[in-house]
Each structure stands twice: as structure tokens, then as C-alpha cells.
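In: For reference, the sequence and a predicted model appear below.
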Amino acid sequence: MDGAMNGLLQGRTALVTGAGGGIGRGLAQALAAAGANVLIAARRQSTGNETQALIEAEGGVALCLQADVARRADVDAAVAAAMRRYGGLDIVIHNASSGQSGAPTKCEEITDAQWDEQHAIALDAAYYLAQAAFAPLRASSRGRFVILTSAQALHGGAMNPIYAALKSAQRGMVKALAREWGPHGITVNGIAPAAATEATQAHFERHPQLREQILATIPLRRLGDMRVDIGGAVVALCSDEMRFVTGQVLPVDGGAYTAL
């Protein structure tokens, strides 16, 4: 997939939150392979540096910046770093999530601290990013703003009330910003992935029967590769090939939720 997308984003600059590992790392690698300069926003400098090294080993261009996207000052600094280092910002990908996101928890057992942490990263950060990035994305003439959301925004999820609520809010933000920013030439979309993350793989190794049960519900009988499948979809959305697509949440899940 990377080879087919070589050059699609040549000369553009992308900011990816939560790119120190997991899906975010796959997205950063895919964007860089497509020719983008990638600013890696990671809470831990060490993991962000690992992503940067992987990209540079393939001849890509990347810069890691330690950032807690739940803090407005860190988001502003990340956008400023992209402008200073690369002279502009064309693509913003909000992928960061709380370590507690999606962890099964009964509603009555949720603490205020859990709510606040997940809300800060899912929604506050998206809000900070939108405010900080609007001017450079408008100046780009090909601005792209993408939020990683979830099918749970539509179908809900027992034991996941925070996650479902926040992902629903992100979906609403995608649609609202698409309408607001469209006249400025900025597209705004979401991706609802089903990916084989490191955490998912480790969980499946401990519970192989669960793996087979879950894969049986997916028509393509597998989870998506973080770089090739999920990253490929993001690259496509950010390229000129899909410049007329906005306000959409694209399921990249192997057909898991065909009815949504």
C-alpha cells in the first residue's frame, strides 16, 4: 500500500497526535511514506523518538515533539513547531486517546477523574487542535483535519459509556467543522478503525478463543494493519484523490459494522 501512495502527500506537513505508538505510529509512518513531513506529538519523548527513528530509517522526514495534548499550551507549541520547522501545516490527525479509553467499566463505577482524563484527551484536545490549526490549514489551500473516532459513536457499547459518549461527540465535531470550514477549502473527516494494535494482539494471545470469536464477526476475517490499512485510509483522505469528501466518518473495519 505504501508503494501505491508514494508522493501523494509530497511536500505537505502533517501533525499526528498520539504518534508514539499504536495506531498513531502507523499513521505517522504511512503519511511519511506518502511524502509528508511528519510532526510527531507524543506524551513520552522516548516513544516519539522511536517513531521518528523508524520513519527516518526509511528515508522519511519527521520530528518528535513531547506534548500533552490535553494542555492547550502544548497543542499551541506543536502547531507553532510545525510552522517554524516546515513553514506551514496542511494536515492534522487527532489520534491520541487516554490509556483508559475503552476499558470496560460500569457507569456507576466511573470516577470523576476517569471522566475528566478521557474527556480532556478526546474532546478538549480536539478543540485545542481545531483552534490552533485553523489559520494554517486555511492558508494551506488543501487543509485536512482528521479525527480517529469509533463505531461505538453509533452503536454504543455496554460497559463503555465514557468512550461511546466521547466518540459520539467527536463525530458531531467532524460534521460541524466540515460545514464551518468547507468554504475555506478545509476538509474534515473521521476514521472509525478496527486495528490490530499491540494491546489487542497481547489480549488475543492471552485469550485465543476471544480472538476467533471477534474475527468471526468481521467479513474480511482479520483486523486492520495499523500502517497499511488504517494509515492508507488516512493518506487517501488527506490526498487530492479525496478532496471532495468532507463531513464523513469512514469505517475502516473490514466490514465489521456494515449496518451502521
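Out: That came through, no problem.
In: which ones are touching the residue lying closest to residue 152 once chain neighbours are set aside?
Out: Distances taken as Cβ to Cβ, 6 or more residues apart in numbering put residue 164 closest to residue 152, at 4.4 Å, once the chain neighbours are dropped. In short, each C-beta sits where N, CA and C put it, glycine included. Neighbour list for residue 164: 150, 152, 153, 156, 157 [criterion: Cβ atoms under 8 Å, 6 or more residues apart in numbering].
In: So which residue is dead centre in the chain?
Out: The centroid of the chain falls nearest to residue 95 when counting by Cα atoms, centre = their mean (2.8 Å).
In: I'd say it and residue 15 touch.
Out: No. At 10.4 Å, residue 95 does not count as touching residue 15 under the criterion of Cβ atoms under 8 Å.
In: what residues does the host helix or strand of residue 202 touch?
Out: Residue 202 belongs to helix 198-206 when assigned by DSSP states H and E. Here helix 198-206 makes contact (Cβ under 8 Å, 6+ apart) with 21, 22, 210, 211, 223.
In: For ChimeraX, write the selection for the buried entries among these.
Out: Those of the contacts of helix 198-206 that count as buried under 16 or more other Cβ atoms under 10 Å are selected in ChimeraX with:
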select :21,22,211,223
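In: Next, give me the two most distant ones among the contacts of helix 198-206.
Out: Maximum pairwise distance among the contacts of helix 198-206 (Cβ to Cβ): 22.4 Å, between 21 and 210.
In: got the residue ranges for the strands in the stretch 51-200 of the chain?
Out: 61-66, 91-94, 144-148, 187-193 (DSSP state E, counting those that start in this stretch).
In: what's the closest of these to residue 246?
Out: Of all the strands of the stretch 51-200 of the chain, strand 187-193 comes closest under Cβ to Cβ, at 4.0 Å.
In: how about that closest one: buried residues?
Out: 187, 188, 189, 190, 191, 192, 193.
In: want to throw the residues you listed into a markdown table with distance to residue 230 and pLDDT?
Out: Shown next, in a markdown table, are the buried residues of strand 187-193 (distance: Cβ to Cβ, whole Å; pLDDT from 0 to 100):
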| residue | distance to residue 230 | pLDDT |
| --- | --- | --- |
| 187 | 18 | 99 |
| 188 | 18 | 99 |
| 189 | 13 | 99 |
| 190 | 12 | 98 |
| 191 | 7 | 96 |
| 192 | 10 | 92 |
| 193 | 5 | 91 |
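In: which of these lies closest to residue 54?
Out: Using Cβ to Cβ, residue 193 comes nearest to residue 54 of the buried residues of strand 187-193, at 19.8 Å.
In: Report the beta-bridge partners for that closest one.
Out: Following DSSP bridges, residue 193 is listed with bridge partners residue 252.
In: what about the closest residue to residue 136 other than its chain neighbours, how many neighbours?
Out: Excluding its sequence neighbours, the residue lying closest to residue 136 (Cβ to Cβ, 6+ apart) is residue 89, at 4.0 Å. Other residues lying near residue 89 total 26 when counted by other Cβ atoms under 10 Å.
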